[in-house]
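S.K.: structure for this input, please:
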Amino acid sequence: MMDIWHEELPGDVQLVGVRGRLDQNLTPELDAELDALLEEGYQRFIVDMSEVSYINSGGLRCLVTAWRKAKKEGGNVYLFGLQPRVHQVFSMVGFDKVFELYPTQQAAQAEWQQGVS
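M.R.: Residues are numbered from 1 along each chain as shown. Next up, the predicted model:
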């Protein structure tokens, strides 16, 4: 089972999923995946955080880097499904003000669809 996966959604949106602990083991993998997609010209991301049980500063840095690059190209990075402990970390460092956080993939996708029409 892959810890990081992605699929294309309508409207050139990339759904990226992460499973497990977003720490020094998994962060380089996520970094590489997001970088590759950005290199291919994608800049609209929805990241499925529902199976992330832990995130450290490296994981946060990886997401912010992707967010900055996407924003620079007119895109964004939406996150959904944050578990309470992970959400707490986001709140503590103020990232709940930086990222658009959604309860479900459908809610995040609906936001992109609105921006498209």
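S.K.: who's in contact with the lowest-mean-pLDDT helix or strand in the chain?
M.R.: When the helices and strands of the chain are compared on mean pLDDT, DSSP states H and E, helix 105-116 comes out lowest with a mean of 84. Identification of contacts with helix 105-116 by C-beta atoms under 8 Å, 6 or more residues apart in numbering yields 9-11, 13, 15, 44, 46, 48, 78-81, 100, 102. C-betas here are computed from N, CA, C, even on glycine.
S.K.: output these in JSON lines; the columns should cover secondary structure.
M.R.: Below are the contacts of helix 105-116 laid out as JSON lines (DSSP: H, G, I helix; E, B strand; the rest coil):
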{"residue": "Leu9", "secondary structure": "strand"}
{"residue": "Pro10", "secondary structure": "coil"}
{"residue": "Gly11", "secondary structure": "coil"}
{"residue": "Val13", "secondary structure": "strand"}
{"residue": "Leu15", "secondary structure": "strand"}
{"residue": "Arg44", "secondary structure": "strand"}
{"residue": "Ile46", "secondary structure": "strand"}
{"residue": "Asp48", "secondary structure": "strand"}
{"residue": "Tyr78", "secondary structure": "strand"}
{"residue": "Leu79", "secondary structure": "strand"}
{"residue": "Phe80", "secondary structure": "strand"}
{"residue": "Gly81", "secondary structure": "coil"}
{"residue": "Glu100", "secondary structure": "strand"}
{"residue": "Tyr102", "secondary structure": "strand"}
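S.K.: list buried residues within the residues you listed.
M.R.: Leu9, Val13, Leu15, Arg44, Ile46, Asp48, Tyr78, Leu79, Phe80, Gly81, Glu100, Tyr102 (16 or more other C-beta atoms under 10 Å).
S.K.: quick one: which of those is nearest Asp3?
M.R.: Asp48 (11.9 Å; C-beta to C-beta).
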